[in-house]
Every structure is written in structure tokens, then in C-alpha cells.
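Participant: here is a sequence together with a model predicted from it:
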Amino acid sequence: MKHGLTNEELQEQVGETLPDRAVLSLVNANIAAPINAALALNVLSDSSVAYANADQYAPVVQGI
């Protein structure tokens, strides 16, 4: 069972330098869309209360 590369195989490998990270990133899209949805319906009932509450806490921290 063969493990690794021989010196000849290693010499045949070709690589190139990558461009800077800023050049690689053509699109930088950060999206945060917290959505609150609360619904209360009070139909055909006398003297009653319909209450809906949706608390939200969605901190968005980002940096470059």
C-alpha cells in the first residue's frame, strides 16, 4: 500500500498564487430580516378582548 507522493510526483504538481481576498469577493451581501407576526381576531363576541403580542430581539453584528 502506497502512502504519500514520490519526489517525482511531487515535482509534477503545479500551483499558483491566489489573488487577494478582496479581489475574490465580487458580491458581499449580508442580510438580516427578523420578522414579527402576531394576529388577534375577535369576531361576533360582545365585550371580549383579543390580544396578540410578538416580542423580538435580533441583534445583528457584522464586521469586515
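Facilitator: Here it is on my side, so go on.
Participant: how about the helices in this structure?
Facilitator: Chain-ordered helices for the chain, with DSSP state H as the definition, fall at 7-12, 21-24.
Participant: can you report how many residues lie near the closest residue to V60 other than its chain neighbours?
Facilitator: Distances taken as C-beta to C-beta, 6 or more residues apart in numbering place A32 nearest to V60, at 4.3 Å, with adjacent residues excluded. Where you see a C-beta, it was placed from the backbone N, CA and C, and this is true even at glycine. Counted with other C-beta atoms under 10 Å, the neighbours of A32 add up to 9.
Participant: I'd guessed A32 sits against V61; true?
Facilitator: No. With contact defined as C-beta atoms under 8 Å, A32 does not count as touching V61 (9.7 Å).
Participant: and L5, how far is that from E12?
Facilitator: Using C-beta to C-beta, to the nearest Å, one obtains 9 Å as the distance from L5 to E12.
Participant: can you pull the contacts of L41?
Facilitator: For L41, the contacting residues are A50, taking C-beta atoms under 8 Å, 6 or more residues apart in numbering as the criterion.
Participant: so what's it scoring on pLDDT?
Facilitator: At L41 the predicted local distance difference test score is 73.
Participant: the one 4 residues further on too?
Facilitator: According to the per-residue confidence, S45 scores 70 in pLDDT.
Participant: could you do the one 5 residues further on as well?
Facilitator: Model confidence at A50, given as pLDDT, is 73.
Participant: the chain should start at 33 in everything you say after this.
Facilitator: New numbering, starting at 33: the last item is A82.
Participant: out of the helices of the chain, flag the one nearest A82.
Facilitator: Ranking the helices of the chain by distance to A82, with C-beta to C-beta as the measure, places helix 53-56 first at 53.1 Å.
Participant: average pLDDT for that closest one, rounded please.
Facilitator: Within the predicted structure, the mean pLDDT of helix 53-56 is 66.
Participant: make TSV out of the helices of the chain and add mean neighbour count and distance to N74.
Facilitator: As requested, the helices of the chain are arranged in TSV below (neighbours: other C-beta atoms under 10 Å; distance: least, C-beta to C-beta, whole Å):
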stretch	mean neighbour count	distance to N74
helix 39-44	8	76
helix 53-56	8	56
